[in-house]
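>>> below is the sequence, then the predicted model.
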Amino acid sequence: SMEKYSLDKVIGEGSFGRALLVRCKNTQDEYVLKEIQLPKNPSKLDSWRREAVLLSGMKHPNIVAFREAFEADGLLCVIMEYCSGGDLLQRILRQENTHFCTDDILQWFAQLCAATQHVHNKRVLHRDLKSKNIFLTDDGTVKLGDFGSACVLNSPRAYAQTYVGTPYYVAPEIWENKPYNNKSDVWSLGCVLYELCTLRHPFQAPSWKSLILKICRGAYPPLPGHLPYELRVLVKQMFKINPKDRPSVHTILTSHRVSRLLRARL
Ligand code: ADP
Ligand code: MG
């Protein structure tokens with residue numbers, strides 16, 4: 001299967017391996033090949049393969065499309081759609097201090113809600129929603145990617161213990177060792193929405209300890225007043241400490257006061 005592709009360049013150094021830009025020799029189309037170091041432990045091996053299967057089941061215009069997966073030399077190789085606009089974090093950093101216009105914020109956020117709703121409808125949790133895992137195409141569409149942390153609801157969970165990623169987006173219940181749920185994804189999505197609005201993380205601190213304290217108190221600088229009232233209300237609700245008080249993605253898209261603004265942009 002590897003012979004079908006030729007290597008263009010390395011585009012990212014992932015936590016589990018490299019991300020490469022490759023070209024299909026037949027069609028000349030570009031793809032991303034994500035190399036994932038397979039664990040030596042055979043019991044873990046199955047869970048890694050399950051993730052490739054999980055990703056292959058996600059078909060949505062706002063989710064990075066899966067093409068195929070194969071194993072070669074102890075690596076799991078996942079071939080997926082290439083998003084030439086890079087990731088959303090890079091895009092945010094490029095802005096320096098120029099805010100995004102409200103229309104772009106609403107459109108990107110609407111697309112992210114649609115993607116997350118698709119994931120949640122399949123009873124899957126993404127568990128690593130952050131601007132670095134959201135990709136842009138050349139026409140400005142955003143796509144949710146990196147399902148390397150995703151899990152199927154009701155499967156055995158050991159999440160907080162194994163979490164190694166960036167702490168900025170992690171919901172308060174996870175720090176309190178409660179189970180990860182669909183509303184924990186909503187919290188992280190709230191962090192991305194806040195970043196789109198301000199170009200800053202909602203929760204920032206010089207140390208892990210003070211960061212976790214801020215998250216668990218839900219203490220963040222208020223959004224600037226020029227943003228639509230509906231959006232400021234929504235952020236407040238997405239950052240409710242009790243997951244039950246947060247709206248589901250379905251609610252945000254269908255019966256929230258912000259829904260009208262979002263659906264007009266889908
Ligand atoms: P990890 O989270 O393990 O580092 P990612 O899948 O998020 O792995 O990929 C790492 C980097 O590779 C990303 O930050 C991005 O720069 C690049 N990348 C990954 N997937 C794509 C893609 N589909 N299109 C464009 N760039 C990608
Ligand atoms: Mg990633």
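All right, it came through fine. Numbers count the residues shown, from 1 in each chain. Ligands and ions are numbered 1, 2, ... in the order given.
>>> list the contacts of stretch 239-253.
110, 113-114, 116-117, 120, 171-173, 181-187, 189-190, 202, 216-218, 220, 234, 237-238, 256, 258-259, 262-263 (C-beta atoms under 8 Å, 6 or more residues apart in numbering). Backbone N, C-alpha and C define where each C-beta goes, glycine included.
>>> buried among these? Need that as a selection in PyMOL.
Here is the PyMOL command that selects the buried residues among the contacts of stretch 239-253 (16 or more other C-beta atoms under 10 Å):
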select buried, resi 110+113+114+116+117+120+171+172+173+181+182+183+184+185+186+187+189+190+202+220+234+237+238+256+258+259+262
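>>> tell me if stretch 60-71 is near ligand 2.
No. Using C-beta under 5 Å from the ion, stretch 60-71 never reaches ligand 2; the gap is at least 10.8 Å.
>>> buried residues, that stretch. List them.
So, applying 16+ other C-beta under 10 Å, buried residues of stretch 60-71: 60, 62-66, 69, 71.
>>> tell me the contacts of residue 221?
By C-beta under 8 Å, 6+ apart, the contact set of residue 221 is 198, 200, 202.
>>> quick one: those as TSV, columns for distance to residue 228, pLDDT and secondary structure too.
Listed next are the contacts of residue 221 as TSV, based on distance: C-beta to C-beta, whole Å; pLDDT from 0 to 100; DSSP: H, G, I helix; E, B strand; the rest coil:
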residue	distance to residue 228	pLDDT	secondary structure
198	14	97	helix
200	19	96	coil
202	18	98	coil
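>>> all strands for the protein, in order.
5-13, 18-24, 30-37, 66-72, 75-81, 124-125, 134-136, 142-144, 151-152 (DSSP state E).
>>> now distance to residue 96 too, for those, in JSON lines please.
As requested, the strands of the chain are exported to JSON lines (distance: least, C-beta to C-beta, whole Å):
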{"stretch": "strand 5-13", "distance to residue 96": "23"}
{"stretch": "strand 18-24", "distance to residue 96": "26"}
{"stretch": "strand 30-37", "distance to residue 96": "27"}
{"stretch": "strand 66-72", "distance to residue 96": "34"}
{"stretch": "strand 75-81", "distance to residue 96": "29"}
{"stretch": "strand 124-125", "distance to residue 96": "34"}
{"stretch": "strand 134-136", "distance to residue 96": "18"}
{"stretch": "strand 142-144", "distance to residue 96": "20"}
{"stretch": "strand 151-152", "distance to residue 96": "36"}
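>>> among those, show me which one is buried the most.
strand 142-144 (a mean of 25; mean count of other C-beta atoms under 10 Å).
>>> do stretch 86-93 and ligand 2 meet?
No. Judged by C-beta under 5 Å from the ion, stretch 86-93 makes no contact with ligand 2; its nearest approach is 8.0 Å.
>>> how far off centre is that stretch?
13 Å (C-alpha atoms, centre = their mean, to the nearest Å).
>>> how about it: buried residues?
87-89, 91-92.
>>> what residues does the stretch 1-150 of the chain put near ligand 1?
Contact residues, the stretch 1-150 of the chain versus ligand 1 (C-beta under 6 Å from any ligand atom): 11-12, 14-16, 19, 32, 34, 64, 80-83, 87, 132-133, 135, 145-146, 148.
>>> at 5 Å instead, please
11-12, 14-15, 19, 32, 64, 82-83, 87, 135, 146 (C-beta under 5 Å from any ligand atom).
>>> neighbours of the closest residue to ligand 2 within the stretch 1-150 of the chain, how many?
As assessed by C-beta to the ion, ligand 2 sits closest to residue 146 within the stretch 1-150 of the chain, at 3.8 Å. Residues lying near residue 146 (other C-beta atoms under 10 Å) number 22.
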